[in-house]
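[1] predicted model follows, preceded by the sequence.
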Amino acid sequence: MNERRGPSREARWRFPLAVAIISLALLPAGLMPRHAHGVAATTFAKPVPTNKKPAAPANIGSWTAPLKIGAVAIHMALMYTGKVLMYFSDQPIGSGTGSVAVVWNPTTNAITPNNVPFPYNIFCSGMVELPNGRIMMMGGHNDSYGAGSDAGIATVLEYIPYSNTWTQAKPMNNARWYPSDVELPNGNVIVASGENYNATRLVFPMEEYNYNNNTWSVLPYTANTSSTTNFYPHLILLPTGNIFMAGMVQNNLMFNPSTNVWSTSPSAPSLWTRIYGGNVLLPGLERVLAVGGRQTSDQSGSATNSVSWVDFSQSTPAWVDGCGTLGTASPAGCVPESSGGPQAMDAIRENTNLILLPDGTVMAEGGGQGGGKYSNAVYYPDDFNPTTNTWASRTTGRWASQQVQRTYHSTAVLLPDGRVVSAGSDYGSNPESLEVFSPPYLYNGSRPTITSSPTTINYGQQFTITTPDASSITRVALIKVATCTHATRFDERFVDLAFTLGSGQITATAPASGNYAPPGYYMLDILNSSGVPAVMPFVVVQ
């Protein structure tokens with residue numbers, strides 16, 4: 001792959017970490033001090049749940065066999081056609097060819113090669129689904145500096161789903177490699193971070209793409225990110241219209257797009273640093289979940305199974321940091337489960353994908369347990385229930401295991417039929433493949449059906465969903481079309497809708513504004529009393 005695997009790209013993560021944490025990570029495992037609650041550092045061992053149910057698909061789900069796709073899906077995007085775009089680059093430097101890309105049809109399993117027709121390597125780009133459904137890629141790798149460099153490009157490409165074609169868009173003002181992005185309530189896109197054109201520094205200025213007039217503008221210097229911002233920072237739009245930087249290193253910064261100013265929120269950062277950890281905005285759009293990850297950029301070090309969250313509906317938001325029970329020693333001040341702290345996962349995970357499922361839970365897919373970016377793969381997914389704050393592995397038992405390791409550079413997205421596709425990770429056997437997981441809810445009885453629904457809804461509008469199963473429906477929601485890479489998921493959100501039930505129909509109310517659901521394509525989700533979702537049609541929210 002055209003990416004240096006050494007520590008240079010991650011070196012900047014060391015600087016914002018406290019000296020005490022770095023010193024802790026460098027101690028031999030046998031000398032690791034215990035934290036305030038007495039949980040010592042351990043490595044890779046996993047507790048076995050004592051209340052597992054029999055290994056039936058209704059309890060653990062099921063995986064398909066790996067399907068060869070002819071590409072390592074390091075980048076992945078669900079499109080409104082129901083198909084999935086995947087790309088990476090393994091072309092020789094200076095070959096004059098673009099990144100390798102394929103389109104997968106989940107209905108037929110057909111794989112269609114559709115490489116980038118321009119001489120750009122968009123490996124390690126940012127991704128976003130625009131309000132018109134096009135997939136925009138920002139930045140990538142500057143091959144002129146060699147395969148081992150971290151140099152970026154200013155290139156912007158778009159993929160047009162209905163015609164399956166690529167087009168060049170206006171470039172950014174700054175070259176970027178490993179940038180992040182977030183869609184604003186008005187459909188514009190902010191891009192942050194990334195390495196510059198010659199791999200000498202991070203790009204501090206943020207840029208905004210104006211969706212209506214197709215222009216890029218550099219935001220005022222007050223919007224600049226700092227030298228301690230990491231690559232692929234997790235940016236999350238909150239209902240206030242502000243953007244929360246959830247990690248990996250900085251996890252208490254808030255950006256106000258109206259004033260172009262950063263502020264500190266929560267007032268104190270999380271006790272955990274989560275390099276290659278996962279972050280997701282939970283249903284309700286107020287609470288951010290953070291799981292796993294490493295404390296330092298030492299790729300051979302251990303990670304954690306700990307969990308944290310912050311609730312922005314509180315008058316004074318603050319991180320609630322659970323203690324880990326496996327891997328890296330927990331920091332002093334974390335809250336153990338016995339004292340009401342967040343329940344830890346039953347396995348250490350880094351580089352795990354967090355996927356919002358139609359039942360409102362969060363599937364943690366893939367990842368490794370530390371000791372190297374591709375080492376000690378976790379083959380079974382886990383599932384977090386935001387209502388009970390528990391993990392399936394700790395309550396009902398582990399879900400079914402897949403065959404191929406999906407660690408660093410892995411990807412996963414939710415499909416309209418409620419399944420999850422998992423792919424990527426350029427290591428080990430069969431990396432050019434995908435696998436599809438059917439969660440347990442798909443084995444839990446008959447599915448509700450949607451007979452008809454609108455293709456477009458306006459903010460605040462009431463609309464009708466026709467279904468013969470209306471009387472059994474307990475939840476109606478919108479799920480944003482997902483794009484992802486490097487365990488970073490751009491604009492993933494689950495938006496619950498108010499609704500009333502009628503005879504053979506549901507009357508639902510669209511979100512009040514783009515603060516809750518930025519404009520674009522969503523999947524319309526209805527869930528019955530057995531927790532089974534319908535096949536989800538696409539709808540444009542505007």
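    Great, that's in hand. Remember, predicted model here, so these are calculated numbers, not experimental data.

[2] which strands and helices lie in contact with the helix or strand containing I526?
    Assigned by DSSP states H and E, I526 falls within strand 520-528. For strand 520-528, the contact count by 3 or more C-beta pairs under 8 Å, 6 or more residues apart in numbering; DSSP states H and E identifies strand 473-480, strand 538-541 as packing neighbours. C-beta: built from backbone N, CA, C; applies to glycine.

[3] to T500, which of those lies closest?
    Closest to T500 of the helices and strands packed on strand 520-528, according to C-beta to C-beta: strand 473-480, at 9.9 Å.

[4] flag every buried residue along the helix or strand following that closest one.
    Following strand 473-480 in sequence order, the next helix or strand is strand 483-485 (DSSP H and E). Buried positions in strand 483-485, judged by neighbour count with 16 or more other C-beta atoms under 10 Å: 483-485.

[5] helix or strand: which one has N174?
    Going by DSSP H and E, N174 is not in any helix or strand.

[6] how about it: what's its closest non-neighbour residue?
    Computed as C-beta to C-beta, 6 or more residues apart in numbering, the closest residue to N174 that is not its neighbour in sequence is V203, at 4.8 Å.

[7] so, low pLDDT: which residues of this structure?
    The chain contains residues with pLDDT under 70 at 1-54, 90-96, 147.

[8] what do you get if the cut-off is 80, keeping everything else the same?
    1-55, 89-97, 145-148, 228, 247-250, 298-300 (pLDDT under 80).

[9] where along it do the helices fall?
    For the chain, the helices defined by DSSP state H occupy 19-26, 57-60, 392-395.

[10] ok, what's across the strand from I243?
    In this structure, I243 bridges to L237, F255 when assessed by DSSP bridges.

[11] and the gap between it and N173?
    20 Å (C-beta to C-beta, to the nearest Å).

[12] I figured L130 was touching N188, is that so?
    No - judged on C-beta atoms under 8 Å, L130 makes no contact with N188 at a distance of 9.9 Å.

[13] identify the contacts common to these two.
    With contacts defined as C-beta atoms under 8 Å, 6 or more residues apart in numbering, the residues shared by L130 and N188 are Y211.

[14] quick one on the thing from earlier: wait, the residue nearest to N174 touches N173, no?
    No - under the criterion of C-beta under 8 Å, V203 is not in contact with N173, lying 9.6 Å apart.

[15] which one of these two is surrounded by more residues?
    Of the pair V203 and N173, V203 is the one with more neighbours under other C-beta atoms under 10 Å, namely 27 against 14.

[16] hang on, the earlier thing: ok, now which ones touch the residue nearest to N174?
    Contact analysis of V203 by C-beta under 8 Å, 6+ apart lists 152, 174-176, 179, 193-196.

[17] okay if I get the buried residues of strand 483-485 as TSV plus distance to T64?
    Output for the buried residues of strand 483-485, formatted as TSV (distance: C-beta to C-beta, whole Å):
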residue	distance to T64
T483	22
C484	20
T485	22
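
[18] for T466, state which of the contacts of V203 is nearest.
    Proximity of the contacts of V203 to T466 (C-beta to C-beta) peaks at P179, which lies at 42.2 Å.

[19] doesn't V191 make contact with that closest one?
    Yes - using C-beta under 8 Å, P179 is in contact with V191, at 5.3 Å.

[20] joint contacts of the two?
    Taking C-beta under 8 Å, 6+ apart as the criterion, P179 and V191 both touch 126, 138-139.

[21] that older thread, which pair in the contacts of V203 spans the largest distance?
    For the contacts of V203, the farthest-apart pair by C-beta to C-beta is A175 and S193; their separation is 12.2 Å.

[22] got the domain boundaries for this protein?
    1-63+242-443, 69-232, 446-541 (automatic domain parsing).

[23] can you name the residues bridging to H141?
    Counting by DSSP bridges, H141 forms beta bridges with N121, G152.

[24] scratch that, A377
    Per DSSP bridges, the residues bridged to A377 are G368.

[25] and it, what does it touch?
    366-369, 405-407, 428.
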